[in-house]
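# got a predicted model here, sequence first, then my questions.
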Amino acid sequence: MTPEPAHRILVVDDEPDITALVAYHLAKVGYRVTTAASGRDALAAAREERPDLVVLDLMLPGVSGYDVLAELRRREETKDIGVILLTARKEEPDRIKGLSLGADDYLPKPFSPQELVLRVSAVLRRLAAPAVAVGGVMTAGQLVLDKTAHRVTVAGAEVELTATEFKLLRTLIEREGRVQSRAQLLETVWRAQPDIQTRTVDMHVQRLRQKLGKAGECIETVRGAGYRFRRPEARGAGGGGRKRA
């Protein structure tokens, strides 16, 4: 496996042995690797070096990995950087919190360096090939969403969606590969109207999947965290915790 030479990876961990191990295996397959030992250094490096992906420990001195992740996603210049959480905190609530904050993948310690390299490659491929958007048309497999015409087709057949269903699908496709919590979707799609409950999101996703048929499988449920859109070729690679609701 030979990654593109432009792929830059930032490894963030306060344990020198772990940092050296991860950096060695990533550099061995051709990635350009830099490291940081604290949350503040990680944020500074991410802003200055613009890595393609960050391998991020959660238990960092000072600024936690969760805080680093949240800040990366908040800032316009770093919001699209890939993030894989690599941590000894392996309980489900920790994984759900990380995915909800926008992590692309989660790997608990102890870990296989070879598996980490494969997961890095998978995330980079997904980020490098988002749903194709040309002239307001977004394409993901046989699913085509035309933002201008407000029209959705699957395998050439038009699918009748409500305005809310269309906006929900558009939001998920635009944020492909990243978990969107119910709260995030409420804020974006429903503008967080006070009388709207999180169960409304679940019901709309269920109806949207039914209308899309086979293409509805691209909308994944991440247990306890929210929903994620992944194209057919991306599904099945990494990203534990998926299921259909």
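Great, that's in hand.

# by contact count, what packs against the host helix or strand of residue 158?
Assessed by DSSP states H and E, residue 158 sits inside strand 157-159. Using 3 or more Cβ pairs under 8 Å, 6 or more residues apart in numbering; DSSP states H and E as the contact criterion, the secondary-structure elements in contact with strand 157-159 are strand 151-154. Every C-beta, even on glycine, is put in place using the N, C-alpha and C of the backbone.

# and the strand it packs on, which residues are buried?
Buried positions in strand 151-154, judged by neighbour count with 16 or more other Cβ atoms under 10 Å: 152, 154.

# how is this structure carved up into domains?
Domain assignment for the chain, taken from automatic domain parsing, gives 8-128, 132-243.

# the longest one: how far from the chain's middle?
Spelled out, that is domain 8-128. Average the C-alpha atoms of domain 8-128, do the same for its chain, and the two points are 12 Å apart (Cα atoms, centre = their mean, to the nearest Å).

# winner for burial among the domains of the chain?
Scoring the domains of the chain by mean neighbour count under mean count of other Cβ atoms under 10 Å gives domain 8-128 as the most buried, with a mean of 18.

# which one is residue 36 nearest to, not counting chain neighbours?
Closest residue to residue 36 in three dimensions, ignoring its sequence neighbours and counting by Cβ to Cβ, 6 or more residues apart in numbering: residue 42, at 4.3 Å.

# contacts for the strand or helix carrying the one you found, please.
Secondary-structure assignment from DSSP H and E places residue 42 in helix 39-49. Outside of helix 39-49, the residues within contact range by Cβ atoms under 8 Å, 6 or more residues apart in numbering are 8, 10, 12, 34, 36, 51, 54, 56, 60-65, 67-68, 71-72, 75, 77-78, 81.

# ok so, going back, against which helices or strands is the next helix or strand after the strand holding residue 158 packed?
Reading on from strand 157-159 to the C-terminus, the next helix or strand found by DSSP H and E is helix 163-174. Helices and strands in packing contact with helix 163-174 are listed as strand 137-140, strand 143-146, helix 182-189, helix 198-212, strand 226-229; criterion 3+ Cβ pairs under 8 Å, 6+ apart.

# phi, psi of the residue nearest the centre of the chain?
Taking Cα atoms, centre = their mean, the centroid of the chain lies closest to residue 178, which sits 2.6 Å from it. Residue 178 adopts backbone torsions of phi -110, psi 140, taken as degrees, to the nearest 10.

# what residues does it make contact with?
Residues touching residue 178, when contacts are defined by Cβ under 8 Å, 6+ apart, comprise 102, 104, 228.

# out of the residues you listed, the closest to residue 27 would be?
Within those, proximity to residue 27 (Cβ to Cβ) peaks at residue 104, which comes in at 20.6 Å.

# from residue 211, how far off is that closest one?
Using Cβ to Cβ, to the nearest Å, residue 104 is found at 28 Å from residue 211.

# returning to what we had before: helices and strands around the helix or strand just after the helix holding residue 42, which ones?
The first helix or strand that comes after helix 39-49 along the chain, using DSSP H and E, is strand 53-56. Counting contacts by 3+ Cβ pairs under 8 Å, 6+ apart, the secondary-structure elements packed against strand 53-56 are strand 8-12, helix 39-49, helix 65-74, strand 82-87, helix 113-128.

# mean confidence (pLDDT) on strand 53-56, please.
Model confidence over strand 53-56 averages 96 on the pLDDT scale.

# just stretch 63-73 next, same as before
Computed over stretch 63-73, the average pLDDT equals 93.
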